[in-house]
Each structure stands twice: as structure tokens, then as C-alpha cells.
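S.K.: The sequence isn't on hand, but the structure is:
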């Protein structure tokens, strides 16, 4: 095998694998990504039911209702609009009314988010950056240090 | 006082690094030996100074010196000693200090063990390594100094985040840093070779052990992090494709590729340009990881306290080093002479395939990690890229890699015989078929691809055994001959077979856990029981518990199998006092067959509690596989032929035994 042929082989192998990967990445980025919305976004952008999304905001005060077993209903608010969330798993340790939260799931016909994941992250002052910046845009005042967080 | 000594030592260490960056490089250019000789004592001195700085900070933590701002922010006097020590690197400033200490450690190691290294190369390597220390040293001194005093002193510290107070996590950052900062050595060697304009097999022989050492520690560091996330976060998963996890995983993937192509470089002097490029890229990914973790541009469950100013500085350092080294690469690359020829079906060919697949996989992880950032910058849309993306892109690339893995080591250099290798792998193929059939029969309701995945893992393990068996001529020579050959095998042969075996174990664990995990979420009142994966779990009631700095409420669970008690588990919720925080503690019954994993939820109105239970089959294989890979690397590193300082003699030896 000459030097030229070897170079051809190397480049060929690289191109084939890269293009397969490129196609996979293209498909994956189309189908698997999940958009992040605030309650106001959900209402103003007319998100269709059945679509998977991440909803971020604060857990509305006095909205947490515990049903049979592990079923929980609560509302997520950006202080302007509110979306109800239904969740049938264990809530995270730091889930509290008035705290920042991110719920991921599917919007049903009635506009209720049926969540399969609820994240309320590690420390008391923590607010997911998406929530903090989304709330800031809506003009909600945040306490000092609200966007800060520490862990390696 | 001791804190000031540490501060001073840090400044002095950076100054020494500055000298080490300039003088030896200059000396190498003008051929002045005495100037080049400065590098060695400077590297050792620099390491000692940074070690003093690091120990001084550790001292401040151990004695809880609350006149130091960094200690106040991250420690608390009620914390157990090991977490006060771990607190040193549990924050941004301290971990940066650890980062430069590891840089200096590798530099000093080259200075000490590099006696046989060509003088100009050694001077250049140490100068480049010192330049990285200078950049990060200045970064620490100017933006994130851990030695700043606080006047008046505080009475008490704010404490370390409780979920970080855990033995596995306490010691995971040092391993991780030795790993991905260790790749700086490969980078320094690559840049030095470009400055030098010379690169040969001896160069690769030098780069490989350093890369291997870094790779081993990165492997074990990532595995520890994953193990911690598994039992501490209480989500039942062991890998979340979180940006911070990806930040350490990308250098690992690239480093694994580098390890394999350095082999080709060393044995056959081929792929020179690629090896240099990969060495640069691997450390670039480490730098990018540091930027991603510390700048706050990405959302993650475990990122450091965020300060945009620091992010910009790290970005600057990153652009300087990556841009500089790639420019140098572009400028000098044509001067590198091309090496040996080989056919596509050969050991070299298989290692090229390994590299193409691993680097492409790295690229897909990179795209998935950065895409949200890019999209938000340009369109303002916020998205998250999660496990489904990575399963769809990363997964398919691993299948050909694993399928080819047993073939590679059996192929001859230059021109291999694929049919002959296929015949030798009949045993492994048989294992593949049997495992696939058995898994399908046992878990007939599971995902269709899972038996294939399990079989693939078993195939890789059988391939690793075959690799070794062929080397020692099992079945082709007398028993004495086989025993003699086994005894005489170079340690690197043991190492590669063992590491490949570890990969197989890990694949089996990953597939089994992902495909056959059982999950149950339910409410139990005291006295009630439930069944999961053949176990009967009975809730006895709740109980309080106390620790040094927390109170805990535990649910007492009796786990029974076939009527007899197996274990009593205590999943709980801990309330820490400093800082105030609640964490879940999983109750885990660990066994090789699988883990029974229980989490206590909230109290219900009727007196019951919610519980989440998982059964994770073969999950231990994931971390055990990583451990096996680590030991494979360690054995290989202890090989005489790889031992630092014997390059010339070893080269002659390997030339006589071309089949290795």
C-alpha cells in the first residue's frame, strides 16, 4: 500500500464515520431535545398538547395538593401566569412552596403538565439559572445570591 | 502566619514557573546547555513551593482558621476532619490550587525521571508545562486567591454543602484532577516536539506512560463520581450526561484514543501528525472542561460558585493555549516526516478505527454539551439535551468499537490476517451467541437490543481472554511452555488484556442496569410489605438518628427472600444544620447480582410513607469494570519497557519482537 493509498484510506474511514455520526446527531438534535419554557411562554406560544417540555418557575404558594399515594399536584408560576403540574413520583428533598423548580413532562389537553421529572436543586438559595433569568425578564425581584450555587 | 507562608510560597512558585518558562526555552533555541539545565531544579522547586502553599491552605481548614475568607465560606468547625480536609478542594479557589499543584507534580516528575530525555526536548517540555502553571497561577492570584484574610475574623464558617460530605466524593476530585490535568504532560510533549521539529518513537515512548498514568486516574475519578451520584443523589441512576460529567468524560475519550495511537507511534512511527494533534486536543478538552465547570455558562447539578469575570479569564487562557498550540501545529506540521506504511487490515488499521470512532464519539458528546449554549446565544431559545440524545448518537458509535475490540490486538502489525483472527475468536463468538440466547430466554420481555448488548460485553471479555491465551499459546504448546510464556509475558500484555476485560464488564453492567432496572414508587404504612425483584420488603416503622452535624429520620425496612431475612435497610432523610439542608440517604442492599435501592419519601396523612425502590441488576459491574481498567493500566505502567528512563534499550527489544 502506497503512502497515497494509505492517506486515502485514513481520510475515507474518517469521512464515513463522521458522516454517519453527523446524520445521527442531526436526527437526535431534532427529536430528543427538550425546550425550556416559563408558564407565560407556554400560554403565549400556544404549545400543543402532547409535546414534551421543561417548565420552570416558582412553586406557587398554597398550591401543593397531595392526592392518593404518591400523586402530587402543584402549580408553577412566574408570578404572572400559572401552570398546573401533576406528578406521581417522589418529590425532591428541596421541593417547597415559593422555591424555584423545573418540571419536565408532557402537556395534556387541559393544559396540565404531566411531569415525570421534577428538579429542585441542591441548596436552599439555589435557583436553576434558566428560572432565574426567565424570572428576571418578567421583572421578578430575586434575593441576593439567588443564582449562586456551589458544588464541584 | 502559616497562611501567609502559603500565600508567599504560591507567589514564589509562580515566579519560579515564570523563570522555568523562559530560560530553558531560550537555552534550547541558542543551544546553551546551562540555560536548559535550569529547568530541572526549577521544576522541583516550583512543585515544592506549590505543595507548601497547598498544605498551608489545608492547615487553615484543619484548624478551622476563620480569619481566612475561603475557610469561612466553605468550612465549619463541627465538620468531621476528613471533610474539613476535603473542603480544601470542594470549592473553586482551593480546587484551582490543587489544579496547579498537579501541573507542577507532573512537571517535577519529568524533571526527576527524565534523565535520559534529549536535553532540548526536556527543556522545551518543562518550559511549556511551566507556562501552563504561570497562566493558572496568575489566574489564582488575581481572581481567586484562597489565602485572602478576613478582618475581623468570623466566629463560625458557613459549611460545606452536605451532599458533598461523603467519602467517595471527598477523594474523587484529586483523582479526577490527576487525570485530566495529567494530560497537560502529553500536551507539553506535543508542543515541545513541534518547537523542536523532531518527533520519533522515543518521543512516543515518553508520552505514553504519562498519558497512561493520567488516564488511569481519570478512569477511577470518573467512576468514583458516578458511584457517588448513584448512592447520594437518590435518583437510582449512575450517569446523567450532565455537562459537568461530560466535561471530564470528553478528555477521557480523547485520552483513550491518544493512548492507542501513541502505541502505533511508538511501535511503527506512523500517525505522527495525528498523535501530536490528539495530544493537543485532549488537553484542550480538559481546559474546556475547566471553563465549562467554572464559568457558569452551562446549567448543571454540580457546578462551582459562578463568577462571570473568572469565566472570561479562563476563556482567555483556553483560547491562548488552544489557539497557540494549534497555530504552532499548523506552522510546523509539514516538517514532521511521515512514518511506516500499513494495510487497512492490520494492527495499525484497527487502532486507526479505534481512533476514528473514539474521536467521533467525543465530537458527538461535545456537540450535545455545547449545543444548548450555542442555540441560546444565537436564538435565545433555551433547551436541554439529555440522555436520549446521547443514547442515539454515542451509543451506535460504541457498537462497532466494541465489536472490533477483540480483533485489534490479535492482528499483526503492518498486514494482518482477518480470517485467521476470526478463527481464533471462535470461542468469543460462541460466548456471544450463548449469552445473547440466554439473556433473551431469561428476560424475554425486555428491550430487544439488550441481549445483544449483554452479548457484546461478554464478547469483549472473551476476546480479552483470547488475546492473552493466544499470546501464551494455550492449546498450541505444552503445559510447561504455556506456563513459561505466561510467566514471561510483558506486563503491558497483562495490562491491555485486563483493561479490555474491564471494558467488557462495564458494558455488561451498563446494559443490564439500563435495560432491566425495576422501579417501584408506593406508599407503605408500618407493617405493610411489597415485592420487588424476588425480594419482599417490609416497612417496620420510622426511627430518629443523629450524626455529628445532622439529624436523620430513617425508615426501617426488612428485606426478605424466600422467607428468611437478608438485611435491614435504613433509607433516611437527613437535616443538616450547617448549612441548613435536607438530603436523602439511600438504603442499599448491594450484591453482585444487583442492588436493591430504597429511598424514603414524604410522610403521608394516613401515617404511611412514600418509598421509591429500584432493583438495578449487575450495576456493580460498572464500577468494578472501571477498577479493573485502572489496575490494567497500573500493571501496564509498571512494565519494565515503559519504565521512565530506559528508552534506548527498550526500543531495541521491541524491534526484535515485532508481533507485540
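M.R.: Thanks, I have the structure now. Source: prediction; values computed, not measured.
S.K.: Okay, and the nearest residue to residue B:314 once chain neighbours are set aside sits in which element?
M.R.: Ranked by C-beta to C-beta, 6 or more residues apart in numbering or on different chains and with sequence neighbours excluded, the top spatial neighbour of residue B:314 is residue B:291, at 4.7 Å. (Each C-beta comes from the backbone N, C-alpha and C, glycine too.) Assigned by DSSP states H and E, residue B:291 belongs to helix B:272-295.
S.K.: pLDDT weak spots in chain A?
M.R.: Applying pLDDT under 70 to chain A flags the ranges A:1, A:121-152.
S.K.: Could you pick out the longest helix of it?
M.R.: Criterion DSSP state H: the longest helix present in chain A is helix A:3-31.
S.K.: Quick check: next helix or strand after that one?
M.R.: strand A:34-37.
S.K.: Which secondary structure elements does the longest helix of chain A sit against?
M.R.: If you count contacts as 3 or more C-beta pairs under 8 Å, 6 or more residues apart in numbering or on different chains; DSSP states H and E, helix A:3-31 packs onto helix B:347-379, helix B:387-404.
S.K.: so what's the residue nearest the centre of chain A bridging to?
M.R.: Centroid-nearest residue in chain A, with C-alpha atoms, centre = their mean: residue A:54, separated by 3.3 Å. As for beta bridges, residue A:54 partners with residue A:36, residue A:104 under DSSP bridges.
S.K.: could you measure it against residue A:78, distance?
M.R.: The gap separating residue A:54 from residue A:78 is 14 Å, by C-beta to C-beta, to the nearest Å.
S.K.: repeat for residue B:195
M.R.: For residue B:195 relative to residue A:78 (C-beta to C-beta), the value is 55 Å.
S.K.: just checking, what packs against the helix or strand hosting residue B:262?
M.R.: Counting by DSSP H and E, the element that carries residue B:262 is helix B:243-268. Applying 3+ C-beta pairs under 8 Å, 6+ apart, one finds that helix B:243-268 contacts helix B:172-196, helix B:201-232, helix B:272-295, helix B:347-379.
S.K.: Let's have those helices in TSV, adding mean pLDDT and mean neighbour count.
M.R.: Listed next are those as TSV, based on pLDDT from 0 to 100; neighbours: other C-beta atoms under 10 Å in any protein chain shown:
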stretch	mean pLDDT	mean neighbour count
helix B:172-196	93	25
helix B:201-232	90	23
helix B:272-295	90	24
helix B:347-379	91	21
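S.K.: I figured residue A:6 hits residue B:348, correct?
M.R.: No. Between residue A:6 and residue B:348 there is no contact, the gap being 9.2 Å when judged by C-beta atoms under 8 Å.
S.K.: intersection of neighbour lists for the two?
M.R.: Residues touching both residue A:6 and residue B:348 (C-beta atoms under 8 Å, 6 or more residues apart in numbering or on different chains): residue B:342.
S.K.: Pull the residues that contact stretch B:386-398.
M.R.: Contact with stretch B:386-398 is made by A:17, A:20-21, A:24-25, A:27-29, A:31-34, B:240-241, B:357, B:360-361, B:364-365, B:367-368, as judged by C-beta under 8 Å, 6+ apart.
S.K.: tell me which residues of that stretch are tucked away?
M.R.: Going by neighbour count (16 or more other C-beta atoms under 10 Å in any protein chain shown), the buried part of stretch B:386-398 is B:386-387, B:389-390, B:392-394, B:397-398.
S.K.: give me the element residue 40 is part of.
M.R.: Because you didn't say which chain, this covers chain A. helix A:39-44.
S.K.: ah, I was thinking of chain B
M.R.: Counting by DSSP H and E, the element that carries residue B:40 is helix B:39-62.
S.K.: Then residue A:116?
M.R.: Residue A:116 is part of strand A:113-119, with elements assigned from DSSP H and E.
S.K.: For that strand, enumerate the helices and strands it packs against.
M.R.: strand A:52-59, strand A:82-87, strand A:100-107.
S.K.: Residue B:53 is nearest to which of those?
M.R.: For the helices and strands packed on strand A:113-119, the distance to residue B:53 is smallest for strand A:100-107, at 37.7 Å, taking C-beta to C-beta.
S.K.: what sits up against whichever strand or helix holds residue A:73?
M.R.: For residue A:73, the enclosing helix or strand under DSSP H and E is strand A:72-77. Outside strand A:72-77, the residues within contact range by C-beta under 8 Å, 6+ apart are A:39, A:55-60, A:63-67, A:82-88, A:91, A:97, A:101, A:103, A:113.
S.K.: Now that strand: buried residues?
M.R.: For strand A:72-77, by 16+ other C-beta under 10 Å, it's A:72, A:74-77.
S.K.: Can you tell me the closest non-neighbouring residue to the residue nearest to the spatial centre of chain B?
M.R.: In chain B, the centroid-proximal residue (C-alpha atoms, centre = their mean) is residue B:218; its distance is 2.5 Å. Counting by C-beta to C-beta, 6+ apart, residue B:218 lies nearest to residue B:179, which is 2.6 Å off, once chain neighbours are set aside.
S.K.: That concludes my questions; thank you for your assistance.
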